[in-house]
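test case, fold it:
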Amino acid sequence: MALTQSDIDRELAKVRESYDKARAEGAPATDHPPRDFPPYRSSVLRHPKQPLVAVHGDPETVELHTPVFGHTDITAIDNDLTVQHQGEPLGERITVSGRLLDSRGRPVRGQLIELWQANASGRYAHLRDQHPAPLDPNFTGVGRTLTGDDGSYHFTTIKPGAYPWRNHENAWRPAHLHFSVFGSAFTQRLVTQMYFPGDPLFVHDPILQSVTDDSARQRLVARYDHALSRPEWSLGYRWDIVLDGPSATWLEEGR
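Below is the predicted model:
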């Protein structure tokens with residue numbers, strides 16, 4: 001018998017109740033979810049079960065087989081996903097801006113940030129995404145940029161739509177953007193997701209709800225910033241990425 005959304009909601013409620021009880025009894029906050037979070041069904045099947053493999057010899061040899069990037073690898077339109085094709089994409093145009101920071105609030109400069117997302121109909125430009133929503137020939141859904149001296153980044157894009165997935169019957173993911181931060185080497189790559197405020201699907205999404213600590217979960221939600229909105233062009237959202245410390249942004253470790 002297929003699992004329903006009500007089944008998943010009950011599982012999530014039990015997880016939250018258990019976490020809240022542990023916190024009330026003095027347990028520390030848990031910013032990162034377990035790699036095998038049962039309501040997120042596929043994580044149970046594919047989470048890492050073996051210890052990390054040590055790199056023998058010179059660790060720097062790993063870097064000889066990884067990408068190299070810098071200012072010459074970023075073009076002027078890489079961070080504007082709305083001008084990468086001959087026509088304009090469909091959907092609500094948005095500007096997303098923020099800063100990449102360390103645990104002390106210091107800017108992290110010159111770091112490659114990549115973004116990928118579904119289109120306004122909730123469909124990715126990917127062969128494995130075959131759900132019946134239209135593709136947009138003027139929107140690929142991929143961008144990248146380097147952080148400035150103040151750690152800032154900027155993207156102009158289209159607000160993505162919600163989309164179905166097969167975790168359980170009638171499962172829908174809230175609208176979100178995927179972010180990748182590379183650090184100074186490919187082996188330091190970190191991946192996370194940004195969500196939009198007020199989405200009614202938050203409480204039903206086992207991926208977002210796998211972050212059981214409420215404050216950590218809220219750090220994944222951007223805030224609307226009218227100062228970032230551009231007249232007759234785009235709405236603005238601000239979202240900072242904090243790499244470590246008590247205010248760190250949740251990262252997809254081991255997923």
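
run a quick neighbour tally on residue 223.
Neighbour count for residue 223, taken as other Cβ atoms under 10 Å: 14. (Each C-beta comes from the backbone N, C-alpha and C, glycine too.)

hey, what's it bridged with?
residue 238 (DSSP bridges).

all strands for the stretch 101-250 of the chain, in order.
112-116, 142-146, 152-158, 163-165, 171-173, 176-181, 190-195, 223-224, 235-238, 241-242 (DSSP state E, counting those that start in this stretch).

save those strands as TSV, and put in distance to residue 77 and mean pLDDT too.
Output for these, formatted as TSV (distance: least, Cβ to Cβ, whole Å; pLDDT from 0 to 100):
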stretch	distance to residue 77	mean pLDDT
strand 112-116	13	94
strand 142-146	9	94
strand 152-158	10	97
strand 163-165	26	95
strand 171-173	28	96
strand 176-181	18	95
strand 190-195	21	93
strand 223-224	25	98
strand 235-238	19	98
strand 241-242	22	92
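
closest one to residue 122 among those?
strand 163-165 (3.4 Å; Cβ to Cβ).

show me what that closest one is packed up against.
Strand 163-165 sits against strand 171-173, with contacts defined as 3 or more Cβ pairs under 8 Å, 6 or more residues apart in numbering; DSSP states H and E.

show me where pLDDT drops low in the stretch 1-150 of the chain?
Applying pLDDT under 70 to the stretch 1-150 of the chain picks out residues 55-72.

before we move on, the earlier item: now distance to residue 18 too, for the strands of the stretch 101-250 of the chain, in CSV please.
Supplementary listing: those in CSV, determined by distance: least, Cβ to Cβ, whole Å:
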stretch, distance to residue 18
strand 112-116, 34
strand 142-146, 38
strand 152-158, 37
strand 163-165, 25
strand 171-173, 22
strand 176-181, 26
strand 190-195, 24
strand 223-224, 30
strand 235-238, 33
strand 241-242, 27
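
between those strands, which one is closest to residue 134.
Comparing the strands of the stretch 101-250 of the chain under Cβ to Cβ, the one sitting nearest is strand 163-165, at 12.2 Å.

tell me the buried residues in that closest one?
Across strand 163-165, burial judged by 16 or more other Cβ atoms under 10 Å covers residue 163.

got a list of contacts for it?
Outside strand 163-165, the residues within contact range by Cβ atoms under 8 Å, 6 or more residues apart in numbering are 118, 122-123, 131, 133, 170-173.

give me the distance from it to the chain's centre.
The chain centre lies 16 Å from the centre of strand 163-165; the measure is Cα atoms, centre = their mean, to the nearest Å.

cool, and stretch 221-239?
On the basis of Cα atoms, centre = their mean, stretch 221-239 sits 18 Å off its chain's mean C-alpha point.

for it, measure first residue to last.
7 Å (Cα to Cα, to the nearest Å).

just stretch 95-111 next, same as before
By Cα to Cα, the extent of stretch 95-111 from end to end equals 19 Å.

if we can go back for a sec, of the strands of the stretch 101-250 of the chain, which approaches residue 50 most closely?
Once the strands of the stretch 101-250 of the chain are compared by Cβ to Cβ, strand 190-195 is nearest, at 20.5 Å.

next, count neighbours for the nearest residue to residue 209 once chain neighbours are set aside.
By the measure of Cβ to Cβ, 6 or more residues apart in numbering, the closest residue to residue 209 outside its immediate chain neighbours is residue 12, 4.9 Å from it. Residue 12 has 22 neighbours, counted by other Cβ under 10 Å.

what's the answer for residue 93, then?
Neighbourhood size, residue 93 [other Cβ under 10 Å]: 17.

for residue 240, same thing?
18.

isn't it up against residue 96?
No. With contact defined as Cβ atoms under 8 Å, residue 240 does not count as touching residue 96 (11.1 Å).

what touches both of the two?
The contact sets of residue 240 and residue 96 do not overlap (Cβ under 8 Å, 6+ apart).
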